[in-house]
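**Q** Mind looking at a prediction? Sequence and model below.
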Amino acid sequence: MAQADVQVVQMWTLLSGGDGARMRALIDGFNAAQNEVRVESTTLRWGEPFYTKLITASVAGAGPDLATIHLSRLPNLAGGGVLRPVTAAELEAAGLRGADFLPRQWARSQYEGRAYAVPLDMHPLVLYYNKDLAGQAGLLDAGGRLKPIVGMDALTNAFRAVKERTGKDGMTMEAAQSTYAIWRLWLSLLAQQGHPVVEGGRFAYGAAGERTLAAIASWFRAGYARAGQDYPASTSQFMAGNAGFMINGVWEVPELVRGTRAGTIRFKYGIAPLPQLYGNASTWADSHGFAIPASEGRPMRPEKLRAVLKFVAYVSQHSFGWAEGGHIPAYRPVAESAAVRALMPNAEYAAAAANVVYDPPGWYMGAAGPLEAIASKFLPAPLAGQLTPADALRRFESEAQRLLKKRPPRY
Amino acid sequence: MKRKRRTEALSAALLLAPFMAAYALFFLLPAVQTLYLSLTESSLTRTSAFVGLANYDTLIHDPSFWSSLGNTFHFSLLTVIPLTALGLVMALLVDHFTGGGKRAGSWLQGAFFLPYVLPISVMTLIADWMLQPSSGIVNRLLGIQRAWFSDLDWAMPVVAIATIWWTVGFNMLMFLAGLRNIPREQYEAAALDGARGFAVFRHITWPALLPVTITALVLQLIASLKVFGQTYIMTTGGPFNTTRVTLHYMYETAFTQSDAGYAAAVAMAFMAVVVALGLLQAVLLRKRK
């Protein structure tokens, strides 16, 4: 085939670290596997800058051909006119059907009855544990696995046991100002009590919000965990063997696998779903997905669309490589394959998938979205004792009130 | 004669035209557009409805706006006078060690000015390294483990100190230029009259530098009110918004919340505050002269 016939697909991603390396491997694999389409990807800074750039570029008609997004941002992006819907016929031409994807992720890719993304994965919060420290604290069963932990007191006691028996911190998690982890945990635990954060344009968590935040803060106030640690500090505390537990997303799995292989991690670790601390075992999760920017005034040519979807289909079919990054694949033939079911350590927390909750729908919701950005400023403050839980939530609501009242923006 | 004047006017107009065009294109036009934007409900790129003064009405009742304005003043309070005074002291030092075979002056001048040439990202990176809770040199020297940027009492002062270190070089240069404009004869005359030390500074140097001082204070106040990058990078406005300045709030409403109309209202209100303060300060300081 002549060089001129090669379709070049420009993709923007926000995937960095292990995720970035894995996506790069998938792109290289795709580019090497055929010679009709070449994918060129650009990695942009995670979070708000990525979405701002995607929104403005798409509206200005200068967006990329393909972008990775969080499905939690779909109501915002699809509703705002940033994304181009993909029809069933277009997907089918690439060999993909809605039924090929796990129902929950597929449903999260829809907006007002149309598909605006092709789901790639799901990444819930999980509970990492250091088997050496947890063993010393008497928290493991005969098989070396974490004994079931049910209820807030049980988890707090586990953290205390590690602290008292080993001298190391009971747990670690990202807890500095402007970090999202506390929001995700808080959201999970509210869902475990059956309380949505927002419902009908109002804050709906009630007294449970303060109680739950106070319970999280108590781990830090009692000295079982360190307040004020940013993301790298919190993960390296766990990787260095200086904390019994870590609450984090599954995306740290590759670092643990790599560290164990390289000998830099000198302890045995295990991973469990986030425990049931209240009425049920709900766990926050988000998903990555592929979406096509609308790029207003510059509609995508059919041959470009075919090229884009060909790549998306390839990644879906090869998402075993993505599962190795800790994520739970969304493409059923891979997700339900024996290879993925046997993949370690993923198999240890696969049960979490049954209990995941996403951010509730709303234009202001989602990864690095407006509401999360505000929450990230106030929710960590009680952990360091800078605000009472009640005060933190009052300030959070007072600042977020304007968002809830605002009409969804049309970009 | 008349014809000559006409050619003069023509060439003046021709020479001014490029500047006027650029000024209109890059300042006046955007300013008018921002004013219009502030009267609409707009997302990042699309204007959806004319809403009159609704955004300003929201603004007046918005505690987040007022707290951000308070934080801006807090930062200005911590920087304007120290930056001006320190600039003067540094200029005097450089001047003292210059001339008459002394070469330390130019070395000092370079050392004082060097931080100013750093891009903000580099400056904040250095400050961040020095102030790391467990590994930073500041905590090591003090023998403590303070997380400076998330400390309620210290976050803003630390940003202010870093800013002073970063930008004081420019004020020093202004004062140095002022110092070098003072005729040497005045000092010689004073020396003949037997004036020395502080008396020379008080009666000759200081009065001669007053116009420079006023300029420095006004420029510094405007610069400090416009602070954004330092707090955005170093503290991200935290802990819980206690270092979020007005421009940062404007950025958040425009980009994180896609509320360009409201952000424009914040911008207009803030511009009014800056202009008013700048004028007030200039008038007050001139009167005293």
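**A** Cool, the structure landed. Residues are numbered from 1 along each chain as shown, chains lettered A, B, ... in the order given.
**Q** Need the residue closest to the centroid of the chain.
**A** With no chain named, the answer covers chain A. Nearest residue to the geometric centre of chain A (CA atoms, centre = their mean): A:Asp286, 4.0 Å.
**Q** meant chain B, my bad for not saying
**A** Ranked by distance to the mean C-alpha position of chain B (CA atoms, centre = their mean), the top residue is B:Ala223 at 1.7 Å.
**Q** Can you verify my assumption that that one contacts B:Thr167?
**A** Yes - the pair B:Ala223 and B:Thr167 qualifies as a contact (CB atoms under 8 Å) at a distance of 7.5 Å. C-beta coordinates here come from the backbone N, C-alpha and C atoms, glycine included.
**Q** about what we covered before: report pLDDT for the residue nearest to the centre of chain B.
**A** If you check B:Ala223, the pLDDT there is 93.
**Q** Secondary structure of A:Thr52: a helix, I assume?
**A** Yes - remark: A:Thr52 belongs to a helix, assigned using DSSP: H, G, I helix; E, B strand; the rest coil.
**Q** Tell me, how many residues neighbour it?
**A** A:Thr52 has 17 neighbouring residues, counting by other CB atoms under 10 Å in any protein chain shown.
**Q** show me what contacts it?
**A** B:44, B:255-256 (CB atoms under 8 Å, 6 or more residues apart in numbering or on different chains).
**Q** And for B:His74?
**A** B:His74 touches B:Met156, counting by CB under 8 Å, 6+ apart.
**Q** So it: helix, strand or coil?
**A** Here B:His74 is recorded as helix under three-state DSSP.
**Q** any idea how far it is from B:Thr236?
**A** 17 Å (CB to CB, to the nearest Å).
**Q** Now the stretch 151-300 of chain A against chain B: closest residue?
**A** A:Gln177 (3.5 Å; CB to the nearest CB).
**Q** That residue: neighbouring residues, count only.
**A** A:Gln177 has 29 neighbours, counted by other CB under 10 Å.
**Q** A:Ala381 is in contact with that one, correct?
**A** Yes - A:Gln177 is within contact range of A:Ala381, at 7.4 Å (criterion: CB under 8 Å).
**Q** secondary structure element for A:Ala161?
**A** helix A:152-166 (DSSP states H and E).
**Q** Pull out the CA atoms of that helix and give them to me as CSV.
**A** Extracted C-alpha coordinates of helix A:152-166, given in CSV (Å, rounded to 0.1, in the frame of the first residue of the first chain):
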residue,chain,number,x,y,z
MET,A,152,-15.7,0.6,60.6
ASP,A,153,-14.5,-0.5,64.0
ALA,A,154,-12.9,-3.7,62.6
LEU,A,155,-10.9,-1.7,60.1
THR,A,156,-9.8,0.9,62.6
ASN,A,157,-8.8,-2.0,65.0
ALA,A,158,-6.7,-3.5,62.2
PHE,A,159,-4.9,-0.2,61.6
ARG,A,160,-4.3,0.1,65.4
ALA,A,161,-3.1,-3.5,65.6
VAL,A,162,-0.4,-2.8,63.0
LYS,A,163,0.6,0.4,64.6
GLU,A,164,0.9,-1.2,68.1
ARG,A,165,2.5,-4.5,67.1
THR,A,166,4.9,-3.3,64.5
